[in-house]
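Trainee: Below: sequence and its predicted model.
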Amino acid sequence: GRICRGDSTNLTSFVPTNSFDIVMTGYIDPIVDPLGLGLIENWQHEPWCNSKNESKQSLMKEEQKEINAWFALWASQMMALVKPGGIVI
């Protein structure tokens, strides 16, 4: 067996797909303020999410799309690295 440590957003550039029986991730730092709105702390998002202001609601939806895209990037790379029937943790 072998262990390969790296950033799952670029491992497939040098590791063949379907290479591992198990692919595992550790703690992933969350994206903070992907749109640069100045909303750094979780409590700062709540008024925007609950706002009746359509512009603020739209920005929160866009921010969530950015976060989802970031998670999808590294998760899809992990799925590509694991062998069929393998485990992703």
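Mentor: Happy to help now that I have it.

Trainee: So for the worst-scoring helix or strand of the chain on mean pLDDT, what gets flagged as buried?
Mentor: Lowest on mean pLDDT, DSSP states H and E among the helices and strands of the chain sits helix 42-49, with a mean of 86. For helix 42-49, burial by neighbour count (16 or more other C-beta atoms under 10 Å) applies to residue 48. Any C-beta I mention is one placed from the backbone N, CA and C, and that applies to glycine too.

Trainee: This protein: helices as residue ranges?
Mentor: Using DSSP state H, the helices found in the chain span residues 42-49, 54-81.

Trainee: Between these, which one is closest to residue 89.
Mentor: helix 54-81 (9.1 Å; C-beta to C-beta).

Trainee: Let's test this: mean pLDDT of the closest one, rounded?
Mentor: For helix 54-81, mean pLDDT is 91.

Trainee: ok, so what distance separates the spatially most distant residue from the centre of the chain from residue 60?
Mentor: Most distant from the centre of the chain: residue 52, at 28.3 Å, with distances by C-alpha atoms, centre = their mean. If you measure residue 52 against residue 60 using C-beta to C-beta, to the nearest Å, the figure is 13 Å.

Trainee: for residue 31, same thing?
Mentor: Residue 31 sits 14 Å away from residue 60, going by C-beta to C-beta.

Trainee: swap in residue 41?
Mentor: In terms of C-beta to C-beta, residue 41 sits 15 Å off from residue 60.

Trainee: between the two, which one's more packed in?
Mentor: residue 60 (18 against 9; other C-beta atoms under 10 Å).

Trainee: Pretty sure the more buried one sits against residue 48.
Mentor: Yes. At 5.3 Å, residue 60 counts as touching residue 48 under the criterion of C-beta atoms under 8 Å.

Trainee: okay, now residue 22: neighbour count?
Mentor: Counted with other C-beta under 10 Å, residue 22 comes out at 13.

Trainee: The single longest strand found in the chain pairs with which strands?
Mentor: For the chain, the longest strand by residue count, based on DSSP state E, is strand 82-88. According to DSSP bridges, strand 82-88 forms sheet pairs with strand 20-23 (parallel).
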